[in-house]
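S.K.: coords please:
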Amino acid sequence: MSVNPMAYEAQFFGFTPQTCMLRVYVAFQDYLFEMMLVVESVILKKLNGFPDCKIGPLQIRKSTEKFLLFMKEHFDKLFSKMEEVLLQLVLNIPKNVLLPEDRVHEQYPYSKEQFQALQDEIRQLQQQYRAEASAGQALRAELEEQKAARAELEKILQWFDGLENICREHGTGNFKESFAFLTQNSKKLQDVLKDVEEKSKKVKKHDQLL
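M.R.: Numbers count the residues shown, from 1 in each chain. The predicted structure follows:
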């Protein structure tokens with residue numbers, strides 16, 4: 001078998017020429033073996049018609065194997081010549097032939113240095129894209145944080161607006177006065193809550209004694 005990889009031919013045919021030749025070789029060999037088995041069985045049947053014949057099946061098998069070896073040696077020589085002809089004249093793409101899918105390389109030829117420079121530029125663009133994507137993700141996260149902070153500020157402003165309205169309803173328009181009023185009422189509420197908790201504790205103790 002040829003050691004030439006014939007990659008361009010494989011691109012065109014969809015298989016390597018060596019693979020094709022190997023399959024043809026195996027098919028011929030299988031046919032040769034099958035043919036020899038048929039010849040052997042015919043000879044054995046013919047010998048059964050001659051009871052006085054001293055040639056037995058074992059001798060027939062040895063003769064068949066010798067003949068098979070002889071045929072295989074000659075077949076290998078013939079096949080090697082046939083393979084050489086087919087690989088050179090049938091399954092070979094001439095050096096001056098360009099496949100349709102490769103014509104773009106003829107229109108836009110690149111040297112190794114130009115191709116390497118193009119590869120370097122692609123890598124730089126990929127790095128820039130990753131950096132910009134990372135920066136964009138960070139900006140989106142920051143915008144989400146700003147939205148959350150803005151929502152909290154709006155809640156605080158609404159709370160101050162509500163506080164101002166409550167203070168106006170109670171006759172306190174100044175913010176300091178409103179805050180003092182709120183603080184005073186808060187202390188009153190804390191005292192009431194404390195008084196309720198103490199009374200609740202006394203009631204619980206009383207219930208436990210009962």
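
S.K.: Could you use CA atoms for every contact and neighbour count after this?
M.R.: Fine.

S.K.: what separates the spatially most central residue of the chain from residue 136, distance-wise?
M.R.: By CA atoms, centre = their mean, the chain has its centre lying nearest to residue 126, at 19.3 Å. Distance of residue 126 to residue 136, given as CA to CA, to the nearest Å: 15 Å.

S.K.: Same question for residue 148.
M.R.: Taking CA to CA, one finds residue 148 at 18 Å from residue 136.

S.K.: And for residue 95?
M.R.: 51 Å.

S.K.: The two: which has the busier surroundings?
M.R.: The neighbour count for residue 95 versus residue 136, taken as other CA atoms under 10 Å, is higher for residue 136 (12 against 7).

S.K.: tell me which element the more buried one falls in.
M.R.: Here residue 136, judged by DSSP states H and E, is contained in helix 112-169.

S.K.: For that helix, the averaged confidence score.
M.R.: Helix 112-169 shows a mean pLDDT of 80.

S.K.: Tell me which other helices or strands it touches.
M.R.: Contacts defined by 3 or more CA pairs under 8 Å, 6 or more residues apart in numbering; DSSP states H and E place helix 112-169 against helix 175-209.

S.K.: Quick check: which ranges of this protein have low pLDDT?
M.R.: Residues of the chain that meet the criterion pLDDT under 70 lie in 1-5, 104-108, 110, 156-157, 159-161, 163-164, 166-193, 195-210.

S.K.: Can you give me the domain boundaries for it?
M.R.: 7-107, 124-208 (the TED database).

S.K.: Any chance of CSV for these, columns distance to residue 117?
M.R.: CSV is the format used below for the domains of the chain (distance: least, CA to CA, whole Å):
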stretch, distance to residue 117
domain 7-107, 17
domain 124-208, 11
